[in-house]
Structure formats: structure tokens, C-alpha cells
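Participant: what shape does this take:
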Amino acid sequence: MPKICKELSLSLNDMDILKSFSASNFIAHSFYHDDNIDEEIGKRIIDLFYKNIYYACKYINDAALAYNIDEDDLTTDDIENLDIDIMYRIDYEALAAFTGIDTMIPAIMTLTCGNLNLREYFRSLEPTEYIEYIETYIPSMRYLHVGIDASLKTKILVLSPKVERGFFIETADTNNCFHLITLLENEIYKKNLLKRYGIDNFEFNELVYKVARGEEYSQEIIETTAHQQYYTIYALQSDGSYKIEDDNGELDLDNILHSDISPEDIPQIEGTPIIIMDSEGMWTKPIKWDNSYFTKLHQKLNPYVNILDEITDEEYKSWIEKIKKFN
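Facilitator: As a prediction, the model looks like this:
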């Protein structure tokens, strides 16, 4: 099978467009149940997709020209009512690409969700603008954002002023910080570090943990609760207090972790993303979220948080001083 897949991948650009899409799915399906994805083959499939999403977008432009209207005025009904014979004569490549580009979704999802290097490569091509452009007419293309947005391997420093300690974590395949916090608190529990880091009233829920790890799916809504307040470096003031409101008294989302921030986008100092966790400043009602925030969205994803080494007391003090000076 590996030899066949390699030979097919080398011939993708010589095939008819629709045939190349089918071949790509055949190759990617062979990787679906395999932990080792051949990255060179994967890049060829991604390159094929990128080339043809450009042609698919061109088809929309051709359609607008055929109707003599602006692209912004083009509707899905307009696309469906086009004379295919005319569009074939205008540009077969654009027609074929638009007609079949959605059939490449399973292949791209397998590659980007199953291999961090291929996800990074796909991102480097900057396909998001094309995807957002075309998803108006092909809504299923939105699913590709799952593979793009899932976090790459990220090392994060977690500081706890309450106990004046800190540690590093490594995470990947989470796409929001509620997912990250869910896994983090469960890993702290599993490492018997709750008391050491001043976390009270934590009750382990095995189903929550397994869903967050991607080991199970829940058909029902399940909730979990934050047992600390999770701040970014912008919240900690020079006097040691926390500021989570802007000058207008509104919640400043830059100062806390929330569902719309990826672990990769956590603010950094000296290239190190930093989370500050503390029971101080917690709201009267702790933040809750349901499993829609911590369910993995593709089978090939492997969301995790690993707790790495603790930092020394001296390192902790140094980091805290850097944050205070930063603000």
C-alpha cells in the first residue's frame, strides 16, 4: 500500500482534476487508521488542494462575469442555474475544481488533524482566505477550519501566585482555552498536585476527562467548571492585584483565558506563553462550559496536556517580576 500511495501521489498533477481528487481520498483514507502519515505524500495532496481551491474561486469570478454582475451580488441560486456547457468552454479547470473541491475535505482533514507538521505546512500556504471566500457557495468547506485552528504543539508556563510556584505544560490539538483548562485541571488532579497548587473542591469526572482527551463522545450535554481564575500576563498589576476590566469598566478579554483564544495565541514574554492561575479575583459564580468546548472535532486529533517540570523558586520570582515590569 505505501508504494501504491507514493506512486499515485507523484501522478496527481498528471491526472484529470476530478480523478486526482478521488486518488487523493484513496491515499488519505489509507492514512486514516495509521499513526504515521507520510509527510511528503501529504504535502503533495495539500499542494493539489491549494492549487485547485484557487481555480474553484476563479469559477466564482467566471460565474459573476457570465451574469455580468459583481461577485458580491452572486447567489447560490445563480451558481446552480449556470449553463454548464458555457462554463466548460470558459474554463474547464475552474469548473472541475469548483465541482469537486469539497470531495477533498476528508483527505485534508485526515492530513491536518493527524499530523502536526502537515497542519503547519497547510497553514503556511495561507488557505483561509480562499476557504472563507468559497464557503458561501460550498458550506461544507467550513469544516476545514477545524484542521487549521487546532493548536500545534505548544509549551506554556503556568504560574500560581497563591502558592508562589509554577510549572511548564505541553499541549496540542486543542482549539480553545476552555478545552485547555479542562485538560489542565484534570492533569493537575492526576498528578496529585491539587493541594500543591491551591485548587480546592475539585471533583474528578471521568466522562469529562475522556471526552476532553477524545477517548469518548457524549450524546448528552455535560458541564465542567473552572476551579481557578485563569489570567494572561496583562492582568497582573505591579502591586500584585489583577485587572480584568478596561477603562470603560467592561470585561477586557485580553486579560483572561476564554473560549475564543487558542493556546497558541496566549500572550508571551520572551517567547514564552504564560498563564496565571489564582483563586483571587474569581467571580462569585465560577465559569462553566459544556462539552461543545472540549469535544474533539475530528477522529485524528489527539488533544492533550502534559505537565512538565516545575520551575525553581528563583525562576518563579523572576517570571513574576518580568510580568509586573511588562505591565
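
Participant: CA atoms for contacts and neighbours, from now on please.
Facilitator: OK.

Participant: endpoints of stretch 286-293, how far apart?
Facilitator: From its first residue to its last, stretch 286-293 covers 16 Å (Cα to Cα, to the nearest Å).

Participant: starting at the chain centroid, how far to it?
Facilitator: 17 Å (Cα atoms, centre = their mean, to the nearest Å).

Participant: avg pLDDT for it?
Facilitator: The average pLDDT within stretch 286-293 is 92.

Participant: ok, now stretch 61-80?
Facilitator: 93.

Participant: in that stretch, what's buried?
Facilitator: Going by neighbour count (16 or more other Cα atoms under 10 Å), the buried part of stretch 61-80 is 61, 62, 63, 64, 74, 79.

Participant: repeat that for stretch 193-208.
Facilitator: Under 16+ other Cα under 10 Å, the buried positions of stretch 193-208 are 194, 197, 198, 199, 208.

Participant: just the helices from the stretch 1-150 of the chain, written as ranges.
Facilitator: Under the criterion DSSP state H, counting those that start in this stretch, helices of the stretch 1-150 of the chain are mapped to 2-11, 17-32, 39-67, 76-80, 84-90, 92-100, 105-114, 116-124, 128-134, 144-149.

Participant: ranking those helices by burial, who's on top?
Facilitator: helix 105-114 (a mean of 24; mean count of other Cα atoms under 10 Å).

Participant: what helices or strands is it leaning on?
Facilitator: helix 17-32, helix 39-67, helix 116-124, helix 144-149 (3 or more Cα pairs under 8 Å, 6 or more residues apart in numbering; DSSP states H and E).

Participant: can I get those in a markdown table including distance to residue 320?
Facilitator: Compiled in a markdown table, the helices and strands packed on helix 105-114 are given as follows (distance: least, Cα to Cα, whole Å):
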| stretch | distance to residue 320 |
| --- | --- |
| helix 17-32 | 44 |
| helix 39-67 | 41 |
| helix 116-124 | 32 |
| helix 144-149 | 30 |
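
Participant: between those, which gets nearest to residue 280?
Facilitator: Distance to residue 280, taken as Cα to Cα, is lowest for helix 144-149 among the helices and strands packed on helix 105-114, at 31.3 Å.

Participant: show me what that closest one is packed against.
Facilitator: On the basis of 3+ Cα pairs under 8 Å, 6+ apart, helix 144-149 makes packing contacts with helix 105-114, helix 116-124.

Participant: just checking, next helix/strand downstream of that helix?
Facilitator: Toward the C-terminus, helix 144-149 is succeeded by strand 154-160 as the next helix or strand (DSSP states H and E).

Participant: neighbouring strands - and their directions - for that next one?
Facilitator: Taking DSSP bridges as the criterion, strand 154-160 forms sheet pairs with strand 165-172 (antiparallel), strand 272-278 (parallel).

Participant: residue 291 is nearest to which of those?
Facilitator: Among the strands paired with strand 154-160, the nearest to residue 291 by Cα to Cα is strand 165-172 (17.9 Å).

Participant: can you list the buried residues in the next helix or strand after that closest one?
Facilitator: Counting by DSSP H and E, the next helix or strand C-terminal to strand 165-172 is helix 177-190. Buried residues in helix 177-190, counted by 16+ other Cα under 10 Å: 177-189.

Participant: just give me the closest of those residues to residue 140.
Facilitator: Out of the buried residues of helix 177-190, the member with the shortest distance to residue 140 (by Cα to Cα) is residue 179, at 24.0 Å.

Participant: ok, the closest one - contacts?
Facilitator: Residue 179 makes contact with 212, 259, 293, 294, 295, according to Cα atoms under 8 Å, 6 or more residues apart in numbering.

Participant: mind checking which of those are buried?
Facilitator: 212, 293, 294, 295.

Participant: any chance of CSV for the buried residues of stretch 61-80, columns distance to residue 96?
Facilitator: Below are the buried residues of stretch 61-80 laid out as CSV (distance: Cα to Cα, whole Å):
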residue, distance to residue 96
61, 14
62, 13
63, 13
64, 17
74, 19
79, 14
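
Participant: from the contacts of residue 179, which two are the most distant?
Facilitator: It's 212 and 259 that sit farthest apart of these, by Cα to Cα, at 14.3 Å.

Participant: how about the helices of the stretch 201-327 of the chain, start to end?
Facilitator: Going by DSSP H, counting those that start in this stretch, the stretch 201-327 of the chain shows helices at 206-213, 313-326.

Participant: thought residue 37 was touching residue 113?
Facilitator: No: with contact defined as Cα atoms under 8 Å, residue 37 and residue 113 do not form a contacting pair (10.8 Å).

Participant: pipe the helices and strands packed on helix 144-149 into CSV and attach mean pLDDT per row.
Facilitator: What follows is those, written out as CSV (pLDDT from 0 to 100):
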stretch, mean pLDDT
helix 105-114, 98
helix 116-124, 98
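
Participant: find the nearest non-adjacent residue to residue 171, please.
Facilitator: residue 305 (4.5 Å; Cα to Cα, 6 or more residues apart in numbering).

Participant: can you check residue 29 too?
Facilitator: Closest to residue 29 by Cα to Cα, 6+ apart is residue 107, at 7.0 Å.
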